[in-house]
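>>> Fold the following for me, if possible:
(one chain, ligands or ions: 1)
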Amino acid sequence: MKVYDRLSDLHVDLLSGTFSAMDWVNHHIAAIEAQNKELNAFVEIFYQEARDRATVLDQKIKFGKPGKLAGLVVGIKDNICYKGMGLSAGSRMLENFQSLFSATVVERLLAEDAIIIGRLNCDEFAMGSSNETSFYGPVRNPIDTTKVPGGSSGGSAAAVAAGLCQVALGSDTGGSIRQPASFTGTFGLKPTYGRVSRHGLIAFASSFDQIGPIARSTEDLAVVMEVIAGDDQFDATASTQEVPAYSAKLKEENNQGYRIAVLRDTVENDGVDKEIREHMLAKISELRQAGHQVDLVDFPYFDYLVPIYYLIATAEASSNLARFDGVHFGYRSPKGTDLESIYKHSRAEGFGSEVKRRIILGTFVLSSGYYDAYYGSAQKARNFITKKMRDILDEYDFMLTPTSPGTAFSIGIERDNPVQMYLEDIFTVMANISGMPSISVPTGIHTNGLPYGIQFTGKYFGELDLLRISQQVKS
Ligand code: GLN
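As a prediction, this is how the structure comes out:
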């Protein structure tokens with residue numbers, strides 16, 4: 001069977017009866033079974049559910065009105081709830097847990113006849129940049145299986161890149177959709193904070209977390225976004241702002257000249273791979289030739305971004321993860337003899353070392369003697385950085401950077417060096433710190449054979465313009 005990068009192309013064949021939804025689902029199941037041993041992208045295949053839905057969809061295709069996402073095979077990150085299915089956030093802590101309800105995004109996908117094929121491996125509780133902190137082991141990058149696929153939505157990106165599903169949902173707290181998209185040559189969109197409901201997403205750092213799609217085309221990002229975005233009574237931070245008809249609008253001719261601010265460090269700092277810097281320069285001239293205004297803009301705050309992010313994210317994580325104590329939720333150690341020892345053993349055995357490191361750091365920065373010095377200062381710095389970013393976007397439509405300072409690295413090499421790993425997030429965290437939408441577009445192939453992306457960060461609720469510019473620059 002063909003690989004379709006765009007839902008509209010799939011619909012030409014599926015809706016005309018060239019093959020059935022059941023064939024289509026079985027084709028994906030076979031592909032996953034064949035490749036997952038090596039890639040380790042799927043934690044679980046939803047055999048029964050996917051086939052049941054294919055049966056219903058085949059009836060609708062014959063006799064009824066199939067939904068907008070009819071037959072779109074979607075994988076969901078293992079931190080998004082789907083009622084009755086397993087859900088573990090890549091952690092031993094939730095090894096046998098089953099979702100009690102479905103996330104709003106899942107309800108919305110199903111209502112439009114998408115087929116959710118399984119759940120995708122990720123870093124434990126979405127903490128990581130390489131998918132190596134998962135209890136289920138690392139995911140391999142399908143482009144080169146000695147490399148990581150990025151993280152934390154590494155299974156999502158790997159599955160899309162390998163054609164095991166057409167679209168995947170990931171979550172992005174500090175880059176977890178965009179960096180794996182960059183490492184696997186796919187498109188990844190982190191929406192504006194509040195654009196997509198977080199109801200049913202296992203919380204990591206609630207003021208940063210957003211769910212978003214990874215796909216092989218901007219068209220598929222657009223159509224999925226218009227289904228999953230929008231107000232939700234179950235998430236008070238979900239925006240009531242109307243959801244644009246992204247996919248219809250994306251099809252309209254658009255010759256708008258955009259104003260683009262390239263943040264200077266990204267082309268001048270030798271912490272960024274040389275070829276990627278050269279690629280940025282080449283893109284700048286292409287964009288200028290295409291009629292866009294492109295300026296190099298100073299943003300001398302890069303050194304602060306990763307510390308601000310890790311202070312706030314760990315503080316929020318320490319509070320969000322308090323519920324996993326073997327009593328309220330999660331794994332309970334058989335060694336516990338009283339309440340305190342149940343907590344201690346369960347958390348010591350249930351969490352992996354990266355999660356523990358972050359809980360300890362987060363608890364420390366929130367503790368009374370240090371709150372002002374660390375957490376309080378980070379919040380002030382967050383406001384300051386957000387203001388600087390808003391100032392730039394008063395004059396420009398987008399900020400442009402590489403998505404990541406390098407290409408996918410080898411499995412194992414950064415695993416024991418958390419600070420080096422945290423620095424991977426230098427370009428992605430700013431969109432989460434400010435809440436702005438941001439997209440990674442695959443535009444380059446390195447001489448090492450690996451893909452990489454460039455990243456546009458736009459104005460609040462400016463997803464449509466991000467999709468438009470991505471459509472223009474994709475390679
Ligand atoms: N790599 C970042 C971290 O480890 C981002 C993770 C994410 O976006 N979920 O925190």
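>>> give the contact list for Ser333.
326, 342, 345-346, 348-350 (C-beta atoms under 8 Å, 6 or more residues apart in numbering). Any C-beta I mention is one placed from the backbone N, CA and C, and that applies to glycine too.
>>> That one - nearest residue in space that isn't next to it in sequence?
The shortest distance from Ser333 to any non-neighbouring residue, by C-beta to C-beta, 6 or more residues apart in numbering, is to His345 (3.5 Å).
>>> The residue nearest to the spatial centre of the chain: what's it in contact with?
Among the residues of the chain, Ile177 comes closest to the average C-alpha position under C-alpha atoms, centre = their mean, at 2.2 Å. Ile177 is in contact with 153, 156, 170-171, 188-190, 212-214, 440, counting by C-beta under 8 Å, 6+ apart.
>>> So what touches the helix or strand of the chain with the lowest mean pLDDT?
None of the helices or strands of the chain scores lower by mean pLDDT, DSSP states H and E than helix 418-423, at a mean of 86. For helix 418-423, the surrounding residues in contact (C-beta under 8 Å, 6+ apart) are 128-130, 271, 306, 310, 354, 357, 405, 414-415.
>>> that older thread, of the contacts of Ile177, which are in range of the ligand?
Ser171 (C-beta under 6 Å from any ligand atom).
>>> Now the contacts of Ile177 in CSV, please, with extra columns for secondary structure and pLDDT.
Conversion of these to CSV gives the following (DSSP: H, G, I helix; E, B strand; the rest coil; pLDDT from 0 to 100):
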residue, secondary structure, pLDDT
Ser153, coil, 98
Ser156, helix, 98
Gly170, strand, 98
Ser171, strand, 98
Gly188, strand, 98
Leu189, strand, 98
Lys190, strand, 98
Gly212, strand, 98
Pro213, strand, 99
Ile214, strand, 99
Ser440, strand, 98
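>>> any idea which of the contacts of Ile177 has the most stuff around it?
In terms of neighbours by other C-beta atoms under 10 Å, the contacts of Ile177 top out with Ser156 at 41 neighbours.
>>> Return the distance of that residue relative to Cys122.
7 Å (C-beta to C-beta, to the nearest Å).
>>> The ligand contacts on the stretch 351-475 of the chain?
Looking at the ligand, the residues of the stretch 351-475 of the chain close enough under C-beta under 6 Å from any ligand atom are Asp425.
>>> which intervals of the stretch 351-475 of the chain have sub-threshold pLDDT?
Within the stretch 351-475 of the chain, the stretches with pLDDT under 70 are 475.
>>> Do a quick rundown of the strands in the stretch 151-300 of the chain.
With strands called from DSSP state E, counting those that start in this stretch, the stretch 151-300 of the chain shows them at 167-172, 187-190, 210-215, 259-263, 293-297.
>>> what's the distance between Ala317 and Pro451?
30 Å.
>>> quick one: which of those two has more around it?
Shown here are Ala317 and Pro451; by other C-beta under 10 Å, Ala317 has more neighbours (25 against 22).
>>> the inter-axis angle of the host helix or strand of that one versus strand 259-263?
If you go by DSSP states H and E, Ala317 is part of helix 302-320. Counting by axes from the mean of the first three to the mean of the last three C-alpha atoms, to 10 degrees, helix 302-320 lies at 90 degrees to strand 259-263.
>>> on contacts alone, who are the packing partners of the very next helix or strand once past helix 302-320?
Next helix or strand after helix 302-320 toward the C-terminus (DSSP H and E): helix 339-350. Helices and strands touching helix 339-350, as assessed by 3 or more C-beta pairs under 8 Å, 6 or more residues apart in numbering; DSSP states H and E, are absent.
>>> Could you pull up the mean pLDDT of helix 339-350?
Helix 339-350 comes out with an average pLDDT of 97.
>>> what does it rub up against?
With C-beta under 8 Å, 6+ apart as the test, helix 339-350 has contacts from 91-93, 324-327, 330-333, 335-336, 356.
>>> can you pull the buried residues of the helix or strand just after it?
Using DSSP H and E, the helix or strand that follows helix 339-350 in sequence is helix 353-366. By neighbour count on 16 or more other C-beta atoms under 10 Å, the buried set for helix 353-366 is 354-355, 358-359, 361-362, 364-366.
>>> quick one: helix 353-366 to helix 302-320, angle?
Going by the same axes, to 10 degrees, helix 353-366 makes 100 degrees with helix 302-320.
>>> and the least confident helix or strand of the chain, C-alpha only, in PDB?
Output in PDB follows, covering the C-alpha atoms of helix 418-423 (Å, rounded to 0.1, in the frame of the first residue of the first chain):
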ATOM      1  CA  PRO A 418      21.900  15.800  32.300                       C
ATOM      2  CA  VAL A 419      23.300  19.300  31.800                       C
ATOM      3  CA  GLN A 420      24.400  18.600  28.300                       C
ATOM      4  CA  MET A 421      21.000  17.000  27.600                       C
ATOM      5  CA  TYR A 422      19.200  20.100  29.000                       C
ATOM      6  CA  LEU A 423      21.200  22.300  26.600                       C
END
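>>> packing partners for the next helix or strand after it?
Downstream of helix 418-423, the first helix or strand assigned by DSSP H and E is helix 429-434. Contacts defined by 3+ C-beta pairs under 8 Å, 6+ apart place helix 429-434 against helix 302-320, helix 377-395.
>>> ok now helix 429-434, how far from the chain's centre?
With C-alpha atoms, centre = their mean, to the nearest Å as the basis, helix 429-434 stands 14 Å off its chain's centre.
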